[in-house]
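K.L.:
pasting the structure only:
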Ligand code: ARG
């Protein structure tokens with residue numbers, strides 16, 4: 001009986017040592033995303049799950065890098081602020097790499113090229129690009145590069161929204177004259193409202209999306225970049241662009 005008990009004790013100690021070992025080696029990181037940006041990150045109405053191009057991409061990177069991920073849905077403004085304060089380990093959210101943001105957070109290698117474009121009502125005949133936005137009210141997502149670009153246009157008034165979907169809603173209701181946002185997102189909304197909306201003029205900025213990593217987490221950045229390299233080499237960017245219909 002004594003022998004059986006001590007054997008059990010040995011087994012229990014062995015199991016708990018293995019378990020502690022596991023929790024130590026596997027890293028679960030907190031990844032922020034503002035899931036209001038179809039088709040890159042959005043909440044599936046039915047399942048309530050966060051999905052999209054960025055989520056697929058980050059999952060693929062995480063698999064290569066051996067990291068476990070917890071996604072945290074957070075609005076765009078607090079996402080950038082949280083990344084600057086180290087509230088999250090990383091963020092994937094169609095984030096344009098800018099010199100200004102790079103002061104407050106680290107960025108991975110670029111993974112997607114995008115740029116700003118103007119969307120108007122299909123019936124609109126007066127706005128044919130960003131140069132016609134003077135004197136107009138323009139819907140943008142607060143704090144995005146679209147917001148920054150519209151604010152640079154003399155005479156244009158930006159109307160910031162937390163959710164770009166609401167800006168498109170207001171465009172269709174006649175509350176704003178135009179919407180400016182990243183071209184793949186613009187194309188998504190135009191596609192979903194093809195009888196009402198159109199893009200007008202050219203893509204007028206050159207932007208690159210990057211994964212943001214909190215300052216000081218250089219090891220994580222390296223893991224993400226290594227994973228991204230592998231994922232790119234496997235053709236995953238093209239596969240996911242096709243899956244999410246990001247034809248440009
Ligand atoms: N690319 C733009 C920027 O970095 C817009 C990104 C908005 N992303 C989002 N998930 N809402 O400013």
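P.N.:
That came in fine, so what should we check first? The shown structure was predicted, so the numbers you read here are calculated from the model rather than taken from an experiment.

K.L.:
got the residues of the chain near the ligand?
P.N.:
Residues of the chain found near the ligand (Cβ under 6 Å from any ligand atom) are 34, 36-37, 41, 76, 93-96, 141, 144-145, 182. Backbone N, C-alpha and C define where each C-beta goes, glycine included.

K.L.:
what about 8 Å?
P.N.:
33-37, 40-41, 54, 76, 79, 93-96, 98, 101, 114, 141, 143-148, 164, 181-182, 185, 207, 209 (Cβ under 8 Å from any ligand atom).

K.L.:
Centre-most residue in the chain?
P.N.:
residue 93 (1.3 Å; Cα atoms, centre = their mean).

K.L.:
correct me, but that residue touches residue 37?
P.N.:
Yes - between residue 93 and residue 37 a contact is recorded at 6.9 Å, counting by Cβ atoms under 8 Å.

K.L.:
and the helix or strand hosting residue 118, what does it pack onto?
P.N.:
Element membership of residue 118, judged by DSSP states H and E, is strand 116-121. If you count contacts as 3 or more Cβ pairs under 8 Å, 6 or more residues apart in numbering; DSSP states H and E, strand 116-121 packs onto helix 145-152, helix 164-172, strand 178-182, helix 183-192, strand 197-200.

K.L.:
Dump those into a markdown table; add mean neighbour count and mean pLDDT as well.
P.N.:
Below are these laid out as a markdown table (neighbours: other Cβ atoms under 10 Å; pLDDT from 0 to 100):
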| stretch | mean neighbour count | mean pLDDT |
| --- | --- | --- |
| helix 145-152 | 20 | 98 |
| helix 164-172 | 20 | 98 |
| strand 178-182 | 27 | 98 |
| helix 183-192 | 20 | 98 |
| strand 197-200 | 18 | 98 |
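
K.L.:
any chance of these in TSV, plus distance to residue 221?
P.N.:
Listed next are these as TSV, based on distance: least, Cβ to Cβ, whole Å:
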stretch	distance to residue 221
helix 145-152	22
helix 164-172	28
strand 178-182	24
helix 183-192	25
strand 197-200	35
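
K.L.:
Figure out which of the ones you listed is closest to residue 123.
P.N.:
Residue 123 lies closest, by Cβ to Cβ, to one member of the helices and strands packed on strand 116-121: strand 197-200, at 9.2 Å.

K.L.:
Which elements pack onto the closest one?
P.N.:
Strand 197-200 is packed against strand 116-121, helix 164-172, helix 183-192, with contacts defined by 3+ Cβ pairs under 8 Å, 6+ apart.
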